[in-house]
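# quick one: sequence plus predicted model below, questions after.
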Amino acid sequence: MKKILVIGSTGQIGSELTTELRNRYGGSNVVAGYIPGAEPKGALAESGPAAIADVTNGEQLTDIVKQHNIDTIYNLAALLSVVAEQKPRLAWKIGIDGLWNVLEVARENKCAVFTPSSIGSFGPNTPHELTPQDTIQRPKTIYGVSKVCTELLSDYYFTKYGVDTRSVRFPGLISYVTPPGGGTTDYAVDIFYSAVRGEKFICPIAKGTRMDMMYMPDALRACTELMEANPDKLIHRNGFNVTAMSFPPEKIYAEIRRRKPDFKMEYQVDPLKQSIAESWPDSLDDSAAREEWGWHANFGLASMTRDMLEKLEEKLNA
Ligand code: AKB
């Protein structure tokens with residue numbers, strides 16, 4: 001039976017992944033790691049153990065791993081792309097110094113480690129259309145630099161010490177549960193809140209700017225299925241391209257308007273977000289993930305939009 005520590009359990013991915021892992025492996029086998037001020041609440045607090053797990057404190061991580069006999073760590077601590085540009089030193093401290101702590105604890109205690117990478121690990125010189133698995137990664141943002149280092153350091157720990165490190169390059173993640181904070185792809189979540197509240201949406205990304213996206217249920221499956229994949233089949237490890245859909249703002253707007261014909265959107269382009277978005281792929285080639293561990297997405301633009309609107313309406317009207 002797996003014994004899991006989720007670092008960053010109350011964040012955008014962590015809040016749903018912790019629940020998913022508890023459903024799969026049992027509530028008592030998944031420790032929800034959090035930092036003070038971001039304590040688990042409600043069902044997350046009641047469904048299993050929790051512990052303060054600050055990724056910048058290696059001793060604290062060691063204590064939790066030993067106390068709970070942890071064998072798998074999901075390391076979700078990170079700043080997203082826009083906020084990382086505003087706080088580059090902190091982004092590095094959490095993303096890379098923190099990762100170093102996690103990998104050392106994993107090496108000493110024989111844990112497997114999942115640390116997400118991102119489409120942010122690509123840059124302006126990367127081929128933008130059907131971006132290959134193995135290609136140029138010269139990002140211009142600190143977020144991207146830290147994600148490339150995440151991939152390299154995780155591969156290094158696998159090759160040098162045999163630590164079972166795995167990751168995916170997540171696209172923008174869309175969910176109605178915990179909102180993202182400070183990402184370039186956040187608009188694809190915010191647009192749904194405006195639509196359901198009956199407000200005009202001010203779009204910070206320019207017309208025609210395509211980015212890869214994924215609905216959260218697919219993202220959760222990507223994490224768990226990769227960690228359960230047969231290691232003998234993995235040619236790559238850190239990290240796999242995964243995608244579910246790719247669209248510009250006008251396409252998701254049109255899809256929402258099919259269900260909410262009065263919904264209005266106006267562009268007010270944010271220069272930082274736009275420059276980051278333009279440096280990222282227009283669409284990813286995720287064939288390596290498909291071939292090596294059977295990855296496939298269940299939700300496309302239409303099915304994700306239908307589900308998001310239904311679930312968000314229930315949530316906001318509750
Ligand atoms: C961001 O926009 O920063 C993230 C990402 C794609 O990594 N959602």
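Structure received. Residues are numbered from 1 along each chain as shown.

# could you count how many residues lie near residue 133?
Here the neighbour count serves as a burial measure; for residue 133 (other CB atoms under 10 Å) it reads 18. To be clear about C-beta, it is placed using only N, CA and C from the backbone, and glycine gets the same treatment.

# and it, what element?
Counting by DSSP states H and E, no helix or strand carries residue 133.

# and the pLDDT for it?
The predicted local distance difference test score for residue 133 is 98.

# what do you get for residue 181?
86.

# now the end-to-end length of stretch 165-179.
Distance across stretch 165-179, first residue to last, is 27 Å (CA to CA, to the nearest Å).

# and stretch 71-90, by the same measure?
Across stretch 71-90, the terminal residues are separated by 28 Å (CA to CA).

# would you mark the buried spots in that stretch?
Burial within stretch 71-90, assessed by neighbour count using 16 or more other CB atoms under 10 Å, is assigned to 71-82, 84-85.

# which residues are in contact with the closest residue to residue 33 other than its chain neighbours?
Distance criterion CB to CB, 6 or more residues apart in numbering; nearest residue to residue 33, sequence neighbours excluded, is residue 53 at 2.8 Å. Residues touching residue 53, when contacts are defined by CB atoms under 8 Å, 6 or more residues apart in numbering, comprise 5, 7, 31, 33-35, 60-61, 64.

# cool, and residue 127?
By CB under 8 Å, 6+ apart, the contact set of residue 127 is 135-136, 281.

# again, only using 10 Å
When contacts are counted by CB atoms under 10 Å, 6 or more residues apart in numbering, residue 127 is found next to 135-136, 281-282, 285.

# of those, buried ones?
For these, a neighbour count by 16+ other CB under 10 Å gives the buried set as 281-282, 285.

# now, these that are in strands?
Secondary structure defined by DSSP state E assigns none of the buried ones among the contacts of residue 127 to strands.

# out of those, who's nearest the ligand?
Nearest to the ligand among those: residue 281, at 10.3 Å, using CB to the nearest ligand atom.

# what pairs with the residue lying closest to that closest one once chain neighbours are set aside across the strands?
Excluding its sequence neighbours, the residue lying closest to residue 281 (CB to CB, 6+ apart) is residue 131, at 3.9 Å. When assigned by DSSP bridges, residue 131 has beta-bridge partners residue 284.

# distance of the residue sitting furthest away from the middle of the chain from residue 200?
Largest separation from the mean C-alpha position in the chain: residue 262, at 31.9 Å (CA atoms, centre = their mean). The span separating residue 262 from residue 200 equals 10 Å under the rule CB to CB, to the nearest Å.

# where does the stretch 51-200 of the chain dip in pLDDT?
Screening the stretch 51-200 of the chain residue by residue with the criterion pLDDT under 70, one finds no matching range.

# now do the helices in this protein.
14-25, 42-46, 58-67, 81-86, 88-92, 98-109, 142-161, 187-197, 216-228, 249-259, 271-279, 287-293, 301-317 (DSSP state H).

# out of those, flag the one nearest the ligand.
Ranking these by distance to the ligand, with CB to the nearest ligand atom as the measure, places helix 81-86 first at 3.2 Å.

# the residue nearest to residue 281: neighbour count?
23.

# what's the burial count for the nearest residue to residue 249 once chain neighbours are set aside?
Leaving out its chain neighbours, the residue that sits closest to residue 249 by CB to CB, 6+ apart is residue 203, at 4.9 Å. Using other CB under 10 Å as the criterion, residue 203 is surrounded by 24 other residues.

# distance of residue 203 from residue 216?
According to CB to CB, residue 203 stands 21 Å off from residue 216.

# returning to that earlier point: now the residue farthest from the centre of the chain: phi and psi?
Per-residue torsions, residue 262: phi -90, psi 0 (degrees, to the nearest 10).

# for it, which non-adjacent residue is spatially closest?
Using CB to CB, 6+ apart, the nearest residue to residue 262 is residue 198, at 7.9 Å.

# and that neighbour, how many neighbours?
Other residues near residue 198 number 10, with proximity taken as other CB under 10 Å.

# residue contacts, it?
Residue 198 is in contact with 260, 262-264, counting by CB under 10 Å, 6+ apart.

# neighbour-wise, which one of those leads?
Neighbour counts for the contacts of residue 198 were taken using other CB under 10 Å; the highest belongs to residue 263, which has 18 neighbours.

# spit out the contact partners of that one.
191, 194-196, 198-201, 253, 256-257.

# now the buried members of the residues you listed.
By neighbour count, with 16+ other CB under 10 Å, the contacts of residue 263 hold 191, 194-196, 201, 253, 256 as buried.

# give me the number of residues near residue 197?
Neighbours of residue 197 under the rule other CB under 10 Å: 10.

# for residue 148, see how far away residue 128 is.
Counting by CB to CB, the gap from residue 128 to residue 148 is 17 Å.

# format the buried ones among the contacts of residue 127 as JSON lines; extra columns: distance to residue 233.
Formatted as JSON lines, the entries for the buried ones among the contacts of residue 127 read as follows, by distance: CB to CB, whole Å:
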{"residue": "281", "distance to residue 233": "25"}
{"residue": "282", "distance to residue 233": "29"}
{"residue": "285", "distance to residue 233": "19"}
